[in-house]
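Novice: no FASTA, just this:
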């Protein structure tokens, strides 16, 4: 469910939405909440994620009703302090992320984009992941893969865009703005599923607790950004759903306006509802369900030392 600032030129249209049908709430801009509204969220166990006007993540409200399992938290901490097991989980995240990024490049390569060199170089880096001996060296490999991956996006876009490299905070062009906004959406989705499954978001394995306050949501998001966030970006650009005119410039920086945010969130939501044949379950499930299953798979490893492999979308 999306709540945004009122359009200055249009009257607010009220729409009845049963609380039982709401999975989570995302708000953008200057929004005021009443205690009655927060009480409703608590009653129905609905997480609330808030973003600034410029799409920056501000924070989340999680109802008290669902409390993290103490056993799961202890298992998370145990695996974190075991260097080999932490490295094993981190490698699984990076391997899944790299393979999913490769699946995107192969998809567009099959459709005529000249991406053979990038696919080959990323594959070479992918093959070095298993030999990494520290999380630090693993993140270095991840950085090299991402540089190659983002570096060939212009070959995928059908419209002429300004995008040479990833600039995170603040974004300097339309594509970086879309990536930042989309990634924040992905982090929030992962945070929802972490909350629903009883994991603790403050204990991560690739991103350490000192990196940010919610490292596990960043870890899991790495796996899904290529197949969800990036796919949405390719779609809104290549189908002209979002254009440069949907952004506003503040100095040298570019931000999405309200119209662009709504377009992106609608496409993101549709992507989360999309069903695919799950490689393990061998049945069609939505991406939203797949993110939750990822959390349960991690829990199975944390508690029972079952083999953990992150989700991989194979073309």
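Specialist: Everything's here; your move. If you're wondering where the values come from, they're calculated on a predicted model, not measured in any experiment.

Novice: which stretches of the stretch 51-200 of the chain form helices?
Specialist: Remark: helices assigned in the stretch 51-200 of the chain by DSSP state H, counting those that start in this stretch are 70-81, 83-110, 116-126, 135-151, 174-197.

Novice: Now render these as JSON lines, adding mean pLDDT and mean neighbour count.
Specialist: For the C-beta atoms, the positions are set from N, CA and C on the backbone; glycine is no exception. JSON lines is the format used below for the helices of the stretch 51-200 of the chain (pLDDT from 0 to 100; neighbours: other CB atoms under 10 Å):
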{"stretch": "helix 70-81", "mean pLDDT": "91", "mean neighbour count": "16"}
{"stretch": "helix 83-110", "mean pLDDT": "95", "mean neighbour count": "20"}
{"stretch": "helix 116-126", "mean pLDDT": "96", "mean neighbour count": "15"}
{"stretch": "helix 135-151", "mean pLDDT": "94", "mean neighbour count": "17"}
{"stretch": "helix 174-197", "mean pLDDT": "91", "mean neighbour count": "23"}
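
Novice: could you dump these to a markdown table with distance to residue 261?
Specialist: Shown next, in a markdown table, are these (distance: least, CB to CB, whole Å):
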| stretch | distance to residue 261 |
| --- | --- |
| helix 70-81 | 34 |
| helix 83-110 | 23 |
| helix 116-126 | 30 |
| helix 135-151 | 22 |
| helix 174-197 | 7 |
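
Novice: Let me know which of the ones you listed is the nearest to residue 227.
Specialist: helix 83-110 (5.0 Å; CB to CB).

Novice: elements contacting that closest one?
Specialist: Helix 83-110 sits against helix 70-81, helix 116-126, helix 135-151, helix 215-224, helix 230-238, with contacts defined as 3 or more CB pairs under 8 Å, 6 or more residues apart in numbering; DSSP states H and E.

Novice: Let's see that with 6 Å instead.
Specialist: In terms of contacts (3 or more CB pairs under 6 Å, 6 or more residues apart in numbering; DSSP states H and E), helix 83-110 is packed against helix 116-126, helix 135-151, helix 215-224.

Novice: what is the orientation angle of it with helix 230-238?
Specialist: On the basis of axes from the mean of the first three to the mean of the last three CA atoms, to 10 degrees, helix 83-110 is oriented at 30 degrees to helix 230-238.

Novice: between helix 83-110 and helix 70-81, how many degrees?
Specialist: Going by the same axes, to 10 degrees, helix 83-110 makes 90 degrees with helix 70-81.

Novice: Tell me which of the helices of the stretch 51-200 of the chain approaches residue 216 most closely.
Specialist: Closest among the helices of the stretch 51-200 of the chain, using CB to CB: helix 174-197, at 5.9 Å.

Novice: hmm, who's touching that closest one?
Specialist: Contact with helix 174-197 is made by 24, 47, 49, 55, 57, 62, 161, 163, 167, 171, 201, 216-217, 220-221, 225, 229, 233, 244, 247, 254, 256, 268, 291-292, 295-296, as judged by CB atoms under 6 Å, 6 or more residues apart in numbering.

Novice: I'd say residue 285 and residue 279 touch.
Specialist: No. Look at residue 285 against residue 279 with CB atoms under 6 Å: they stay out of range, at 10.6 Å.

Novice: closest to residue 82 out of the helices and strands packed on helix 83-110?
Specialist: Between these, helix 135-151 lies closest to residue 82; by CB to CB that is 12.2 Å.
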